[in-house]
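Dropping the sequence and predicted coords here.
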Amino acid sequence: TRMRLRLEKVRDDELRDRLINDLGDMQILIKEGLELARSLDTNEAMQTLDLDSLLDSICADASDAGQAVTYQGCGSTMVMARPQALKRCLSNLIDNAIKYGEQAQVSLQLRQNKVIVKIADKGPGIPEAFLEKVLEPFFRLESSRSRESGGTGLGLSIAQNIAQQHGSSLRLTNQQEGGLLVSLSLPLLSSPLK
């Protein structure tokens, strides 16, 4: 804030605008760096969580904000999770789908003793050689490096860290009809804990 106030006093308009843009980029990088550090924190207690309700809420909020999001749930689906961390993970994945794939089609499926969250988009997908590389911190595909698309290359790393804390990992695949499909599977609780 002090730097921004000082920059406002720079008399050269072009220089001031460039410096303010650089400061904005630094603030985003610091914010996402802190989010990455938080994604490694395991202090939040695990608790029983209705994953269907959480996803419904996240998708409704995104839809209310004018984003192209659909959600197909499957009723009450209880998992053990760190609620704030899992919300951050799912929000990052949905935001990525909207940002790079124009829309997010979110669904929840049950398979044996697991619940699978699937987030599909209609974007260009990711070249096969980079499907695992994009999960590494600060890695960005060359085509997404413009200021307009923003980002620091931490969103998927944050989501991957949180998934691993929950005994899972992200699986990224390109869909035959186009777009990227992100899958996250979590152990399903057979009955809610009391």
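Sure, I can see it.

just how off-centre is the helix or strand of the chain with the lowest mean pLDDT within its chain?
Counting by mean pLDDT, DSSP states H and E, the weakest-scoring helix or strand in the chain turns out to be helix 13-39, with a mean of 78. Here helix 13-39 is found 19 Å from its chain centre; the criterion is C-alpha atoms, centre = their mean, to the nearest Å.

any idea how far Asp121 is from Asp52?
Going from Asp121 to Asp52 by C-beta to C-beta, to the nearest Å gives 21 Å. Just so you know, the C-beta spots here come from the backbone N, C-alpha and C atoms, and that holds for glycine as well.

Looking at these two, which is more packed in?
Asp121 (25 against 18; other C-beta atoms under 10 Å).

If we ignore the residues flanking it in sequence, what's nearest that one?
In this structure, Asp121 finds its nearest non-sequential neighbour in Gly101, 2.3 Å apart by C-beta to C-beta, 6 or more residues apart in numbering.

That neighbour: what's it in contact with?
120-124, 179-180 (C-beta atoms under 8 Å, 6 or more residues apart in numbering).

Name the nearest residue to Gln84, ignoring sequence neighbours.
Glu44 (5.8 Å).

cool, Ser91 as well?
Per C-beta to C-beta, 6+ apart, closest to Ser91 is Ile58, 5.8 Å.

neighbours of Glu136, just the number please.
There are 13 residues near Glu136, going by other C-beta under 10 Å.

Give me the distance between the closest residue to it other than its chain neighbours and Val79.
Spatial nearest neighbour of Glu136, chain neighbours left out: Ser157 (6.4 Å); criterion: C-beta to C-beta, 6+ apart. Distance, Ser157 to Val79, using C-beta to C-beta: 22 Å.

Can you pull up the most central residue in the protein?
Asn92 (1.3 Å; C-alpha atoms, centre = their mean).
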